[in-house]
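S.K.: heads up, no residue letters with this:
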């Protein structure tokens, strides 16, 4: 895979902030035409630098007012890619990360209530790579810093 350049990084940052931005709008920002931006995005996708496009939902919306953290403890030889593939099938997953310490990964979910949380927890626990889970419901979100710049770090 080739190393991305400054223009590619600006395009990725723009799409990370709003994946629905038009190529023309991004082109104005990076000093390129809309077709040139599209070619770069297509190339970044083909090379695997961009893995896909998604949306971020507001966990405080009426349908997702309950949040939780699920610690995953996985079977030996479970790779981060296996975890990513398995939990990406659950639309309630807001984010997931591998971590140091006893757990193998932390999964942040947003659900409609405790019953829904139990259902999601069970579905995730049923993934073939999961040995066991430990979960916590979030009481209050004290700080949230989600921005295009923080996604690039």
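M.R.: It's in. Note that this is a predicted model, so its numbers are computed, not measured.

S.K.: for this protein, longest helix please?
M.R.: Looking across the chain with DSSP state H, the single longest helix is helix 34-47.

S.K.: tell me how far that one is from the chain's mean position?
M.R.: The chain centroid and the centroid of helix 34-47 are separated by 21 Å under C-alpha atoms, centre = their mean, to the nearest Å.

S.K.: contact partners of that helix?
M.R.: 1-2, 4, 7-8, 11-12, 15, 22-24, 26-27, 30, 32, 50 (C-beta atoms under 8 Å, 6 or more residues apart in numbering). The way it works is simple: take the backbone N, C-alpha and C, and place the C-beta from them, glycine included.

S.K.: and residue 130, backbone torsions?
M.R.: phi -90, psi 130 (degrees, to the nearest 10).

S.K.: repeat that for residue 142.
M.R.: Per degrees, to the nearest 10, the backbone of residue 142 is at phi -90, psi -40.

S.K.: now it: how far from residue 127?
M.R.: 30 Å (C-beta to C-beta, to the nearest Å).

S.K.: for the two, indicate the residue with more neighbours.
M.R.: More crowded of residue 142 and residue 127, by other C-beta atoms under 10 Å: residue 127, with 18 against 6.

S.K.: sec struct for that one, please.
M.R.: Secondary structure assignment for residue 127 (DSSP: H, G, I helix; E, B strand; the rest coil): coil.

S.K.: any idea how far residue 68 is from it?
M.R.: Using C-beta to C-beta, residue 127 is found at 16 Å from residue 68.

S.K.: list the contacts for the residue nearest the centre of the chain?
M.R.: Central residue of the chain (C-alpha atoms, centre = their mean): residue 95, 4.8 Å from the mean position. Neighbour list for residue 95: 107, 108 [criterion: C-beta under 8 Å, 6+ apart].

S.K.: please, which helix or strand holds it?
M.R.: Under the criterion DSSP states H and E, the helix or strand holding residue 95 is strand 93-98.

S.K.: who does that strand pair up with?
M.R.: Sheet pairing for strand 93-98, assigned by DSSP bridges, gives strand 105-111 (antiparallel).

S.K.: list the buried residues for the partner strand?
M.R.: Buried residues in strand 105-111, counting neighbours by 16 or more other C-beta atoms under 10 Å, are found at 105, 107, 108, 109, 110, 111.
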